[in-house]
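Peer 1: The sequence isn't on hand, but the structure is:
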């Protein structure tokens, strides 16, 4: 374990203009994009429709949207896709290519678990694998939901891929220790391929950026592999969730961080993944490239005239550059999707447009 990966820092840092002077690596053939989280926009006090419209005005190529099961099917017999329809209409109207995460159980954005209560009488038991034989009704409902979604949207001209689950077989952080069994996900995969055999299916997973996280993830998923290992086996495209710097514990105005942004083994990991994609013939994307803070609270803080240490505006560029530089030498990255676009709008609303401007520098 390298102690250099632990940093005790003041969580709120001075806002500087360093992002204006960083070189920006060329993207070459890599598509650029964002993920849009309506629930996060609402948590920030933003109106979701207006937030999406503002973001779609930027000249990126791809937007990833999520189908949140408990919002579409809030009660038995209801299937209301009006919110998602509006998002898709807006994305297509802006000329964007679309990746849709059809869940069903897990979709990106806190709290990541969106099963309607009428499909789950009791919470999933902790410290267990959720096997298809133990939850046949839940599996049947999930297959029916994703099939209905795909049937509805597969004629959309902007749709380029489906995402199945979110970090499919990993536990939900430190909040829940249950995990989906790979057999459960395999059944969902079969249903998705049957509903649309023409489009690629993405599965994503969290890439450990420090040795402590790497060991913890291995230990917790050692029986069937983590989500990236399963994605390599089952999916057409593998999405990597990359967060180089995250908070562990806050002590007043100081926070203990795990910082793998400068680790040599992290550089090797990027190279290994790119070379795997080239040799396997599968496409690789960064499904979540950290571009907002990951602090020791659920909602990223927004201090006036300060920025959070876990992700400054210059880190938006630096995290992107790390992948583009590796991609240029060792293989092609299909897409890089920035994570945190709603936070950029919150910052702009408070008078700081540096995150959005850093993103715009990359697009230019």
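Peer 2: Structure received. Owing to the predicted nature of the structure, the values given are computational and were not obtained by experimental measurement.
Peer 1: Would you indicate which residues of stretch 262-271 are buried?
Peer 2: 263, 266, 269-270 (16 or more other C-beta atoms under 10 Å). All C-beta spots, glycine's among them, are computed from the backbone N, C-alpha and C.
Peer 1: Output these as a markdown table; include the columns distance to residue 341.
Peer 2: A markdown table is the format used below for these (distance: C-beta to C-beta, whole Å):
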| residue | distance to residue 341 |
| --- | --- |
| 263 | 26 |
| 266 | 24 |
| 269 | 25 |
| 270 | 23 |
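Peer 1: Could you pick out the one among these with the lowest pLDDT?
Peer 2: Of all the buried residues of stretch 262-271, residue 263 has the smallest pLDDT value, namely 75.
Peer 1: give me the low-pLDDT residue ranges for the chain?
Peer 2: Applying pLDDT under 70 to the chain flags the ranges 1-4.
Peer 1: re the thing from before, would a markdown table of the buried residues of stretch 262-271 with distance to residue 178 and secondary structure be doable?
Peer 2: Below are these laid out as a markdown table (distance: C-beta to C-beta, whole Å; DSSP: H, G, I helix; E, B strand; the rest coil):
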| residue | distance to residue 178 | secondary structure |
| --- | --- | --- |
| 263 | 30 | coil |
| 266 | 29 | helix |
| 269 | 27 | helix |
| 270 | 30 | helix |
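Peer 1: Show me the two of the residues you listed that sit farthest apart.
Peer 2: Within the buried residues of stretch 262-271, 263 and 270 form the most distant pair, 10.6 Å apart (C-beta to C-beta).
Peer 1: State the phi and psi torsions of the residue most central in space within the chain.
Peer 2: Closest residue to the average C-alpha location of the chain: residue 288 at 4.0 Å, with C-alpha atoms, centre = their mean. Here is the backbone geometry of residue 288 (degrees, to the nearest 10): phi -140, psi 100.
Peer 1: Next one: it from residue 63, what distance?
Peer 2: 13 Å (C-beta to C-beta, to the nearest Å).
Peer 1: so what's the residue nearest to the centre of the chain up against?
Peer 2: Listed by C-beta atoms under 8 Å, 6 or more residues apart in numbering, the contact partners of residue 288 are 35, 108, 204, 239-243, 337, 339.
Peer 1: residues touching the residue of the chain positioned farthest from its centre, list them.
Peer 2: No residue in the chain sits farther from the centre than residue 77, which is 30.0 Å out by C-alpha atoms, centre = their mean. Taking C-beta under 8 Å, 6+ apart as the criterion, residue 77 is in contact with no other residue.
Peer 1: Next, it: secondary structure please.
Peer 2: coil (DSSP: H, G, I helix; E, B strand; the rest coil).
Peer 1: What's opposite the residue nearest to residue 11 when sequence neighbours are not counted in the beta bridge?
Peer 2: Sequence neighbours aside, residue 255 is the residue nearest to residue 11 in space, at 4.2 Å (criterion: C-beta to C-beta, 6 or more residues apart in numbering). Residues in a beta bridge with residue 255, per DSSP bridges, are residue 9, residue 250.
Peer 1: Thought residue 293 was touching residue 255, still the case?
Peer 2: No - between residue 255 and residue 293 no contact is recorded; they are 10.3 Å apart, counting by C-beta atoms under 8 Å.
Peer 1: list residues touching both of the two?
Peer 2: Joint contacts of residue 255 and residue 293 (C-beta under 8 Å, 6+ apart) are residue 309.
Peer 1: who has more neighbours, the two?
Peer 2: Neighbours were counted for residue 255 and for residue 293 using other C-beta atoms under 10 Å; residue 293 has more, 24 against 21.
Peer 1: who's in contact with the residue lying closest to that one once chain neighbours are set aside?
Peer 2: Once flanking residues are discounted, residue 293 sits nearest to residue 308: 3.6 Å by C-beta to C-beta, 6+ apart. Each residue near residue 308 by C-beta under 8 Å, 6+ apart is listed here: 11-13, 293, 295, 300-301.
Peer 1: same check, this time on residue 156
Peer 2: 88, 92, 98.
Peer 1: Would you list the phi and psi of it?
Peer 2: phi -70, psi 130.
Peer 1: go on, residue 160?
Peer 2: Dihedral angles for residue 160 - degrees, to the nearest 10 - are phi -110, psi -20.
Peer 1: Kindly confirm whether my reading is correct that it touches residue 61.
Peer 2: No - Residue 160 lies out of contact with residue 61 (C-beta under 8 Å); the separation is 9.7 Å.
Peer 1: Could you check which of the two is surrounded by more residues?
Peer 2: Taking neighbours as other C-beta under 10 Å, residue 160 and residue 61 compare with residue 160 leading, 19 against 15.
Peer 1: Show the contacting residues for the residue lying closest to the more buried one once chain neighbours are set aside.
Peer 2: Leaving aside its chain neighbours, residue 160 sits nearest to residue 97 (4.7 Å; criterion: C-beta to C-beta, 6+ apart). Counting by C-beta under 8 Å, 6+ apart, residue 97 makes contact with 31, 33, 61-63, 158, 160.
Peer 1: Distance check, residue 97 against residue 294.
Peer 2: Following C-beta to C-beta, the distance that separates residue 97 from residue 294 is 27 Å.
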